[in-house]
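Peer 1: Output the structure for:
(one chain, ligands or ions: 3)
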Amino acid sequence: MPPRQDNGRISPPASRRGAGFRIHHTKIRKPVTARLYLISPARIEHPSIFADELRAALDGGDVAAFQLRLKDVPDDEIARVADTLRPICQQRDTALIMNDRPDLAVKLDCDGVHVGQDDMPYAEARRIVGPNRQVGVTCKASRHLAMEAAEAGADYVAFGAFFPSTTKTVTTPADIEIVEWWSALMQVPCVAIGGITVENCKPLLVAGVDFLAVSGGVWNYGDGPEAAVRAFNELFSAHGQP
Ligand SMILES: Cc1ncc(COP(=O)(O)OP(=O)(O)O)c(N)n1
Ligand SMILES: Cc1nc(C(=O)O)sc1CCOP(=O)(O)O
Ligand SMILES: [Mg+2]
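Peer 2: Ligands and ions are numbered 1, 2, ... in the order given. Model (predicted):
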């Protein structure tokens, strides 16, 4: 059976989902309208409690990717969290992306890895994860870094930070114009990150962003994560309509 093509996303056949180590991984492809790329909190103390929050968030609507971004956490703890959250992501065709660590992306059967400029070069990450997993690269506010990453084969480039973030203090300010420029010229999808909320994201949609990477704007949303995901998706649909 050929893979199902659905709004720019290719899903594995149902018969191959959740059946041990996967050959086909959920892909991040250029979408027709913007999509959400959810970033985890930096610490998850109780995986089973967070699993309920993630389920609720994903019940709010479409989420293209969920990045496990645990900082200063031992590998065995990352493994425990990934093992708890992987089936939730797989069930909903949400790509599970490991932050910083291509080795763990492979070991923990994630769909891809995100690497920053201080983590390792794109080529090294690709060598470790192989051709079937996604590799995304932080390009801050640099056209040059983004062109280099896309040329090298990155599955997406990430620009930011567009707004002040309460999740990460040291960030490079990025201008929305870089998204306008990228989306007008390039086919490789671009992700915007940094302090993005339901309230402030509209200019990024107008600029043609492919994915909004959001942490605080979902987990700290007044009405809860499910309502945040629903509100983002309503904005995406409204923006996609003529
Ligand atoms: C989608 C996405 N974009 C950018 C980043 C930032 O990555 P990096 O610069 O490596 O910083 P840390 O996340 O490792 O603190 C990201 N994680 N995801
Ligand atoms: C992980 C990260 N990287 C950034 C960058 O600018 O590269 S901003 C950021 C934090 C994202 O969380 P929030 O949506 O809560 O601001
Ligand atoms: Mg990093």
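Peer 1: which regions of this structure sit below the pLDDT cut-off?
Peer 2: Residue ranges of the chain with pLDDT under 70: 1-21, 23, 241-242.
Peer 1: tell me the secondary structure for the residue nearest to His114 when sequence neighbours are not counted?
Peer 2: Spatial nearest neighbour of His114, excluding adjacent residues (C-beta to C-beta, 6 or more residues apart in numbering): Gly136 at 4.4 Å. From N, CA and C alone the C-beta is placed, and that goes for glycine too. For Gly136, the secondary structure call by DSSP: H, G, I helix; E, B strand; the rest coil comes out as strand.
Peer 1: Phe66 belongs to a helix, doesn't it?
Peer 2: No: applying three-state DSSP, one finds Phe66 to be strand, outside a helix.
Peer 1: Share the number of residues neighbouring it, please.
Peer 2: For Phe66, the count of nearby residues is 25 (other C-beta atoms under 10 Å).
Peer 1: Name whatever forms a beta bridge with it.
Peer 2: Leu38, Leu96 (DSSP bridges).
Peer 1: returning to that earlier point: distance check, the residue nearest to His114 against Tyr156.
Peer 2: For Gly136, the distance to Tyr156 equals 5 Å [C-beta to C-beta, to the nearest Å].
Peer 1: try Leu185
Peer 2: Distance from Leu185 to Tyr156, counting by C-beta to C-beta: 15 Å.
Peer 1: buried sites along stretch 68-87?
Peer 2: 68-70, 78, 81-82, 84-86 (16 or more other C-beta atoms under 10 Å).
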